[in-house]
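1. Dropping a prediction and its sequence here:
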Amino acid sequence: MITTIGATLLLGLILGVQHALDADHVVAVSTIVSRERKPLGAAAAGLFWGIGHTITLLLVGIFVLVFKKTIPVRAALSMEFLVGALLVGLGIQILWDCWRKSFHTHSHSPGRKHIHFHAHNQDHHHRERHRRKSLLVGMIHGLAGGGALVLLVLATIHTLLEGVAYILVFGVGSILGMMVISTVLGLPFTLSAKWSGNLNERIRLLAGAVSVVLGVLVMVQIGRLGGLLSVA
């Protein structure tokens with residue numbers, strides 16, 4: 001019995017790491033770390049994404065295990081559609097930010113130096129805002145992926161304690177996986193920010209465009225092919 005539980009928890013850890021590698025997760029986090037200037041900031045984005053993701057999964061999992069309910073198909077599809085819309089929103093935010101900075105730069109006369117001064121409390125506010133953003137994005141992704149996870153939990157686990165342990169281990173796996181991924185994804189942004197501002201903006205534009213395209217594809221797939229927007 002103990003061996004079976006241990007194997008199940010190990011499976012949850014492995015699946016948690018693998019879950020962090022999903023394309024929509026990677027693209028969403030890449031948009032968040034695109035403004036980071038330090039590897040630790042990128043790692044923190046992955047940490048808070050994983051925490052938010054785990055919180056939602058834990059709440060959904062406890063509900064399913066306690067009330068023995070399954071996630072309705074239409075509700076699961078709605079959450080997946082929401083993820084697509086979220087990706088589009090994150091991408092548009094980056095594109096708008098890049099355009100605004102470009103417009104601001106070209107609005108100055110040629111040859112004039114324009115110096116910005118940023119206070120330390122603004123940097124602190126920036127970090128706090130991005131942590132909240134990562135947490136919220138992770139929670140939304142947790143809603144979208146909660147259906148498949150809890151079905152797996154119900155198929156292999158029969159007690160609330162084991163179910164909670166499984167979800168927590170799964171969450172640890174997703175946190176570790178996303179911290180590694182966000183750190184790696186953040187390197188092009190952190191390095192290019194030091195070497196070349198133009199290169200940094202181009203990479204950010206690419207990240208924003210990829211996020212918008214993937215988001216639209218997810219929405220089309222779920223809305224049309226998945227039947228969410230079909231007339232009953």
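-> Looks like it came in fine.
2. C-alpha only now, for contacts and for neighbours.
-> OK.
3. can you list contacts of stretch 171-182?
-> 12-21, 26, 29-30, 33, 42-47, 49-51, 53-54 (CA atoms under 8 Å, 6 or more residues apart in numbering).
4. State the distance from His53 to Lys38.
-> Separation of His53 from Lys38 (CA to CA, to the nearest Å) stands at 23 Å.
5. swap in His19?
-> 25 Å.
6. quick revisit: more neighbours: His53 and Lys38, which one.
-> Applying other CA atoms under 10 Å to His53 and Lys38 shows that His53 carries more neighbours, namely 28 against 16.
7. which element is the more buried one on?
-> For His53, the host element (DSSP states H and E) is helix 39-67.
8. Check which helices and strands that helix sits against.
-> helix 23-33, helix 120-156, helix 160-195 (3 or more CA pairs under 8 Å, 6 or more residues apart in numbering; DSSP states H and E).
9. I'd like these laid out as TSV, including distance to Ala76 and mean pLDDT.
-> Formatted as TSV, these follow (distance: least, CA to CA, whole Å; pLDDT from 0 to 100):
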stretch	distance to Ala76	mean pLDDT
helix 23-33	16	90
helix 120-156	6	73
helix 160-195	18	87
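10. I'd like to know which of those helices is closest to Gly6.
-> helix 160-195 (9.7 Å; CA to CA).
11. Tell me what angle the helix or strand that that closest one is followed by forms with helix 160-195.
-> The helix or strand immediately downstream of helix 160-195 is helix 197-220, counting by DSSP H and E. Per axes from the mean of the first three to the mean of the last three CA atoms, to 10 degrees, the angle that helix 197-220 makes with helix 160-195 is 140 degrees.
12. sec struct for Leu21, please.
-> At Leu21, secondary structure determined by DSSP: H, G, I helix; E, B strand; the rest coil is coil.
13. Tell me the predicted confidence for it.
-> For Leu21, the pLDDT comes out at 84.
14. How about the backbone phi and psi for it?
-> Main-chain torsions, Leu21, degrees, to the nearest 10: phi -90, psi 0.
15. Next, the contact list for it, please.
-> Residues near Leu21 by CA under 8 Å, 6+ apart: 177-178, 181.
16. which one of those sits closest to Tyr166?
-> For the contacts of Leu21, the closest approach to Tyr166 (CA to CA) belongs to Gly177, at 16.4 Å.
17. burial count for the closest one?
-> Using other CA under 10 Å, the number of residues around Gly177 comes to 22.
18. can you check Leu217 too?
-> If we define neighbours as other CA under 10 Å, then Leu217 has 15 of them.
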